[in-house]
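Sequence and predicted model, in that order:
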Amino acid sequence: MSEPVVAEAAAPPTVSAEAPGNPPTPAKKDSKDTKPAEDGAPKKLSGAELKKLKQAEKQAKRAQAKAAGPPTVQQGGPSKENQKKKEQKQPQQKDDNSRPLPVRRRPSQSNVVPQLQTKKDSKRSQKELGLFFGHLYSQPRQHSMVGASKDAHPAVLALGLQYSSYAICGSTARMVAMLLAFKAVIESYQTPPGTSLARHLTNHHLSPQIDYLRSCRPLSISMGNAIRWLKDIIIKIDPSTPEAEAKRDLAEEIDMFIRERVTAAQKLIRDQALTKILPGDVILTYASSSIVEQTLLQAHKAGVPFTVIVVDSKPLFEGKTLARKLANQGINVRYYLITGASHAVKDASKVFLGAHAMMSNGRLYSRVGTALVSMLARAHSLPVIVLCESVKFTEKVALDSIVGNEVAPADEILSETERSALLPLEPHLPPTHPAKTKDDDKTAAEGTKFGSLDVLKWIEGSENLHHLQVLYDVTPAEYINMVITEYGSLPPSSVPVVHRLSTNT
Amino acid sequence: MAQGITPLAPGLTSFLKSLKSTPADPSVEHLISLLKRRQIRNSRPCAIATTALMLRVVGEFKGRDAAKLVERIRQVGRRLTAAQPREVVVGNIVRRVLGLVREVLDDNTGGDSYAGSDAGHNTPSQHDSMTRPTLHSSISTFSPLRHAATELMDASMTSDMSDSSELSRRPPLLTSHTSYAPTSSAPLVNSLFGLFSQPADSNASTPTGQASPDGKTAQSLNLERLADLSRSSNIDLKGEVMDGIRELQDELDQSDEQIASVALEHIHSNEIILTHTASTTVQKFLLSAAKKRKFTVVHAETYPHDNAATHGILLTGRKRETRLDEDEDPWKPLTSVGIPVYVIPDSHVFAIMSRVNKVILATHTVLANGGLVAAAGAHMIAKAAKEHQTPVVVLSGVYKLSPVYPFDIDELIEYGDAGMVVPYEDGEFVDKVDVEHPLYDYVPADLVDLYITNLGGHAPSYLYRIVADHYRTEDITL
């Protein structure tokens, strides 16, 4: 199972080679901005006009330098290319991988990434998240490997991009991919003279990798757990063991961890959850969870007649992938968006949910919207069953979804088609709108053609209009009837006990 | 929704324009086809179109026979509601107009017992509502939705009959309420509504002597009254009814402003208010509060059926459909008056709810039991608010208030284009998976804390009273 992932993770060095070729893009954008000035200048230039032109050029240059300044600015090219590469690779990967990693992509990602805006955005997003999520990190997400630490391993660089583009999504998949990448990191690691592997590896070699991954997308709970575990066993390595042996041991340990805590755990959970699916059941699930998917497929293979309702939400539309997979296997699937959730629960008989993490106070931390679905299910007295490997249990507690969460880029809310649907609104923008006045200059230069990016500019332009998006929410423990883990089926109140069990042994 | 964008596309504007030059009957056909094709949709456009059509129908009505006018309106109403049973507002307006006719009738024949009431229903007095025959529980068995189709057949069968036969068809309904029969005569299906209204009635009505003072049966009284009216030529029945309809049009125009005028009583400063979909009523309400107070709005975008309108209303301050006929009344988007608006996807409602102070919902139809039908997602928002003990306020013009009881909720729910959920380009997916796209949610009364109509604020449990004020029992079934 590990082979294809490693192969994929190892492939992208070619991409990194391409990365330096990228910077021209922002420059092009800038030149467009200066165009009006050039156009305005007639062929015979008077002295004053010449001066003006020069000034404009200077300004443009300055702006260019500014835009190119922070490394995070250039993000369009490489991630895009990388994504394309991945797309080509994916079908093949799906075939020979027994447990395919969920593939989800940002639907909103436009063909042209608004590069000039990024800097402004970062400032602005701080302001606009202020009310609800101002306390959460607000640095923009890393979409490229430009500016990554030179210590970052190519496999990790590739993985980071897959994280930030949601190509690898879902906490188990992210954890497994990370461990496999770390295996590659450890394999190519050489202890510098004068230090021991146990001392040097964690602090000086693994930390930059983790930092890079974190800059691409905040670490999931499961990743945190796995990193803690990995650091623990590295430190415990006897300094006297030869390096080659230690590295082999570590690789084995990682494989074992994945086998025990993920593969075997999922099998146990699957088998247990299977017994909960009775003939004629209508299983409702929200978004997409690999373990729920496996359970449903297994139940279908076992010949239990049941139907599935998939409730989904924008912007990731993860449920679509799940619904497609289930339907391809011949399961009867109905598909709702979250707005129709109250209709969906009426017909359901059980609710199966995946988890991002289980909090120690019994609350479920999962894809945003899960709380709504479980609330509605409870109102209809449906059993809500959470399938969760114990590696996702955490000692953290949460009361609401606001204290701890992951903020996603706000421009992902509007997909490409939605933006273009808004384009006809242009003439009706209030005359006071800043974008309107700005647009006026532009329309003079470019004619009345608007791209979908303009819609984003309008939104950014209207001073008090903010788009807000987070990735998770917290479901109260009282909505959850049962948590199925590899240790058995428990009430949510037993989560801290299991967490202690699984970390102490 | 897309049809309403260009001025040439058939829709409310084109209908109103053509109404000026077309006679009533083709206009009825026109509206029916527009309703059927969903080229006029949503409560307000439907209400405006129906009122305009009613004005035309009454205006073209020849003769002085009140019973004939009532029958004519009913017949048009039946056909309109059958064309689009889920636009309950159409039926509401027809019932209001019927109520107007009966009111005029009562004023001129019944005389003093209705002295307190006037043709316009905008300000129902307490006295008015107490003496007016209340709805009794039998309405609960009639749902215009369920029976719309059969009644249409009914109508076509009886349309060639004379007035008297029409009247003789109705008596059971009339006797049961005008005579104030004791509870024993009421049908066994007693709703909560009926339980409350019955005793209150017997107390209030006995002294007024409204019920058949000269010992005649209610039926004959009613017949005589109608006959009286048709004989006495000094009443301008048509004119008075048309005046009433114009008042109804004014009410439609002003209801948003009237609702907005109480905004300051409900929004305090620094509140965080959650709302969803694009609703002019809600936007005007918030705008009016924004004149004096600072607060924050969280707006769920109602994907996939209303998100374009939602973003539109936030960017430009108006819905695209209403733009054409409301040009003379420009209003700014909420953001331009300094109110921060946070747009969130619908899935975030629960996550954000712990910070929200108040939920303000727009509605499609309000039902007589205090429940409401609103854009999909409203139920989960209201439910999440309940879980967080956040008050839910529903804004609705009285014209959206319907005497319909939601016995079969699914009847009221419209399903929309599945292609908006998953585009048809994704043929494989659409082929294999059942994609569903409900447009409306039913929100039960217990999830709502307050209704604000153009008459003021009401508890959901009081709505039946307002229904009784605005609709006549005879007209509950069209």
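Thanks, I have it.

Going by C-alpha atoms from here, please, whenever you check contacts or count neighbours.
Will do.

which stretches of the stretch 1-150 of chain A have low pLDDT?
A:1-130, A:137-140 (pLDDT under 70).

Find the closest residue to chain B in it.
For the stretch 1-150 of chain A, the residue closest to chain B is residue A:132, as judged by CA to the nearest CA, at 7.9 Å.

mind giving me the domain ranges of chain B?
Domain ranges of chain B: B:2-254, B:255-468, per automatic domain parsing.

Show me the helices in the stretch 1-150 of chain B, by range?
Using DSSP state H, counting those that start in this stretch, the helices assigned to the stretch 1-150 of chain B run over residues B:12-21, B:24-36, B:43-60, B:66-83, B:88-105, B:126-131, B:144-158.

okay, these, which one's buried deepest?
Stretch with highest mean neighbour count among the helices of the stretch 1-150 of chain B: helix B:88-105 (a mean of 26; mean count of other CA atoms under 10 Å in any protein chain shown).

For that one, list the C-alpha coordinates in CSV.
In CSV, the C-alpha atoms belonging to helix B:88-105 read as follows (Å, rounded to 0.1, in the frame of the first residue of the first chain):
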residue,chain,number,x,y,z
VAL,B,88,-49.8,30.2,-1.3
VAL,B,89,-49.7,33.9,-1.5
VAL,B,90,-51.9,33.9,-4.6
GLY,B,91,-54.6,32.2,-2.7
ASN,B,92,-54.2,34.6,0.2
ILE,B,93,-54.7,37.6,-2.0
VAL,B,94,-57.8,36.0,-3.6
ARG,B,95,-59.2,35.3,-0.2
ARG,B,96,-58.5,38.9,0.9
VAL,B,97,-60.4,40.2,-2.1
LEU,B,98,-63.3,37.9,-1.4
GLY,B,99,-63.2,39.1,2.1
LEU,B,100,-63.4,42.7,0.8
VAL,B,101,-66.5,41.9,-1.2
ARG,B,102,-68.2,40.3,1.7
GLU,B,103,-67.2,43.2,3.9
VAL,B,104,-68.7,45.7,1.5
LEU,B,105,-71.8,43.5,1.5
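
average pLDDT across that helix?
What helix B:88-105 shows for mean pLDDT is 91.

For chain A, find the nearest of the helices of the stretch 1-150 of chain B.
Closest among the helices of the stretch 1-150 of chain B, using CA to the nearest CA: helix B:12-21, at 18.3 Å.

report the angle between the axes of the closest one and helix B:24-36?
Helix B:12-21 runs at 170 degrees relative to helix B:24-36, counting by axes from the mean of the first three to the mean of the last three CA atoms, to 10 degrees.

what is the mean pLDDT for helix B:12-21?
88.

Does anything pack onto it? Which helices or strands?
Applying 3 or more CA pairs under 8 Å, 6 or more residues apart in numbering or on different chains; DSSP states H and E, we find helix B:12-21 packed against helix B:24-36, helix B:43-60.

Tell me where the chain has strands.
Assuming you mean chain A. If DSSP state E is used as the criterion, the strands of chain A fall at A:282-286, A:307-312, A:332-337, A:350-353, A:357-358, A:364-367, A:384-387, A:465-467, A:472-475, A:482-485, A:488-490.

nope, chain B please
Using DSSP E, strands in chain B cover B:272-276, B:296-300, B:341-344, B:358-361, B:365-366, B:372-375, B:392-395, B:434-435, B:440-443, B:450-453, B:456-458.

what residue ranges in the stretch 301-450 of chain A score low on pLDDT?
Looking along the stretch 301-450 of chain A with the criterion set at pLDDT under 70, you get A:427-450.

Next to chain B in this structure, residues from it, please.
Within reach of chain B by CA under 8 Å from any CA of the partner chain, the stretch 301-450 of chain A has these residues: A:313-314, A:323-324, A:327-328, A:332-343, A:368-372, A:375-376, A:400-402, A:413, A:418, A:421-422, A:425, A:428-430.

which of these are buried?
A:313-314, A:323-324, A:327, A:332-343, A:368-372, A:375-376, A:400-402, A:413, A:418, A:421-422, A:425, A:429-430 (16 or more other CA atoms under 10 Å in any protein chain shown).

thinking again about what came up before, can you lay out the helices of the stretch 1-150 of chain B as a markdown table showing distance to residue B:409?
Formatted as a markdown table, these follow (distance: least, CA to CA, whole Å):
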| stretch | distance to residue B:409 |
| --- | --- |
| helix B:12-21 | 28 |
| helix B:24-36 | 21 |
| helix B:43-60 | 18 |
| helix B:66-83 | 17 |
| helix B:88-105 | 13 |
| helix B:126-131 | 29 |
| helix B:144-158 | 11 |
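
returning to that earlier point: and the domains of chain B, which one is worst for confidence?
Mean pLDDT, when computed for each of these, is lowest for domain B:2-254, at a mean of 66.

returning to what we had before: right, and the helices of the stretch 1-150 of chain B - which one's nearest residue B:356?
helix B:43-60 (27.7 Å; CA to CA).

Against which helices or strands is the closest one packed?
helix B:12-21, helix B:24-36, helix B:66-83, helix B:88-105, helix B:237-261.

Now mean neighbour count and distance to residue B:401 too, for the strands of chain B, in JSON lines please.
Compiled in JSON lines, the strands of chain B are given as follows (neighbours: other CA atoms under 10 Å in any protein chain shown; distance: least, CA to CA, whole Å):
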{"stretch": "strand B:272-276", "mean neighbour count": "25", "distance to residue B:401": "20"}
{"stretch": "strand B:296-300", "mean neighbour count": "24", "distance to residue B:401": "24"}
{"stretch": "strand B:341-344", "mean neighbour count": "24", "distance to residue B:401": "29"}
{"stretch": "strand B:358-361", "mean neighbour count": "23", "distance to residue B:401": "15"}
{"stretch": "strand B:365-366", "mean neighbour count": "30", "distance to residue B:401": "5"}
{"stretch": "strand B:372-375", "mean neighbour count": "26", "distance to residue B:401": "9"}
{"stretch": "strand B:392-395", "mean neighbour count": "24", "distance to residue B:401": "11"}
{"stretch": "strand B:434-435", "mean neighbour count": "20", "distance to residue B:401": "32"}
{"stretch": "strand B:440-443", "mean neighbour count": "27", "distance to residue B:401": "14"}
{"stretch": "strand B:450-453", "mean neighbour count": "22", "distance to residue B:401": "9"}
{"stretch": "strand B:456-458", "mean neighbour count": "15", "distance to residue B:401": "12"}
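
Throw those strands into a markdown table and include distance to chain A, thanks.
Compiled in a markdown table, the strands of chain B are given as follows (distance: least, CA to the nearest CA, whole Å):
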| stretch | distance to chain A |
| --- | --- |
| strand B:272-276 | 10 |
| strand B:296-300 | 9 |
| strand B:341-344 | 5 |
| strand B:358-361 | 14 |
| strand B:365-366 | 18 |
| strand B:372-375 | 9 |
| strand B:392-395 | 17 |
| strand B:434-435 | 4 |
| strand B:440-443 | 8 |
| strand B:450-453 | 22 |
| strand B:456-458 | 26 |
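
I'd like to know which of those strands is closest to residue B:254.
Residue B:254 lies closest to strand B:450-453 among the strands of chain B, at 11.3 Å (CA to CA).

Looking at the helices of the stretch 1-150 of chain B, spot the one closest to residue A:485.
helix B:144-158 (48.7 Å).

which bits of the stretch 51-200 of chain A sit near chain B?
residue A:132.

burial measure for residue A:147, as a count.
Counted with other CA atoms under 10 Å in any protein chain shown, residues neighbouring residue A:147 total 12.

try residue A:263
Neighbour tally, residue A:263, other CA under 10 Å: 15.

With residue B:427 instead?
By other CA under 10 Å, neighbour count at residue B:427 equals 10.

Flag every buried residue along stretch B:261-273.
Those would be B:261, B:262, B:263, B:264, B:267, B:271, B:272, B:273, for stretch B:261-273 by 16+ other CA under 10 Å.
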